[in-house]
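**Q** take this sequence and fold it.
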Amino acid sequence: MKEITAVIRRDKLPETKKVLEDLGYPSLTIQSVEGRGKQKGALCGEMDSELPDSFCTSAKLKPTPSAYALEHTLPKIALYVPKRLLTVVVPDDVVTTVVKSIVKVNQTGKAGDGKIFVSPVEGALRVRTGERNGEAIA
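**A** The predicted structure is shown next:
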C-alpha cells in the first residue's frame with residue numbers, strides 16, 4: 001500500500017475528487033492548508049495564477065500584491081498561498097495510475113500547480129470492523 005499526498009489548488013478540488021471517485025478511490029482526507037513554493041515569498045506567479053484567465057482585465061488594473069512588491073522596495077514578508085491537501089491510500093499496483101490522473105487534472109503549467117508525494121504504508125486498520133491492510137482501505 002502507498003499513501004499519496006497531493007497539495008493542489010483550491011479550485012481543482014472538485015475535479016480531483018471526481019477523478020479519484022471514477023478510479024474507484026472515493027475515500028480520502030482533505031485539509032485546508034497554506035504554504036509557499038520555491039518563490040520563497042515572492043509570489044508573482046503563485047498568487048496571480050490563482051486568478052482565472054477569464055478574470056476581467058479592468059479588475060486586474062489594480063496591482064496584485066505580487067506586482068506591487070515587484071515595483072516597491074519594501075521588506076519582503078512571507079506570504080502563504082491557500083491550498084488543499086489530499087491524502088489517499090491505494091494498493092501498490094494503482095499508484096502510477098492515480099498519480100497520473102491527479103497530475104492530469106491539476107496541471108495548468110503555471111507556478112503553484114502543487115506537489116504530490118508517495119509514501120509507503122506498513123499497515124492499515126479499520127476501527128469499526130477490525131479489517132486490516134487491503135480490506136481496510138477498500
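**Q** shouldn't Leu13 be within a helix?
**A** Yes: Leu13: assigned to a helix according to DSSP: H, G, I helix; E, B strand; the rest coil.
**Q** not counting its neighbours along the chain, what's nearest it?
**A** Sequence neighbours aside, Arg84 is the residue nearest to Leu13 in space, at 5.0 Å (criterion: C-beta to C-beta, 6 or more residues apart in numbering). Every C-beta, even on glycine, is put in place using the N, C-alpha and C of the backbone.
**Q** CA atoms only: put whichever strand or helix holds the one you found into CSV for me.
**A** Assigned by DSSP states H and E, Arg84 belongs to strand 81-90. Output of strand 81-90 as CSV, limited to C-alpha atoms (Å, rounded to 0.1, in the frame of the first residue of the first chain):
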residue,chain,number,x,y,z
VAL,A,81,-1.0,30.7,-0.6
PRO,A,82,-4.1,28.7,0.4
LYS,A,83,-4.2,25.2,-1.0
ARG,A,84,-5.9,21.9,-0.4
LEU,A,85,-4.0,18.8,0.9
LEU,A,86,-5.5,15.4,-0.2
THR,A,87,-4.4,12.1,1.3
VAL,A,88,-5.5,8.8,-0.2
VAL,A,89,-4.1,5.3,0.4
VAL,A,90,-4.1,2.9,-2.5
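**Q** now it: buried residues?
**A** By neighbour count on 16 or more other C-beta atoms under 10 Å, the buried set for strand 81-90 is Val81, Lys83, Arg84, Leu85, Leu86, Val88, Val89, Val90.
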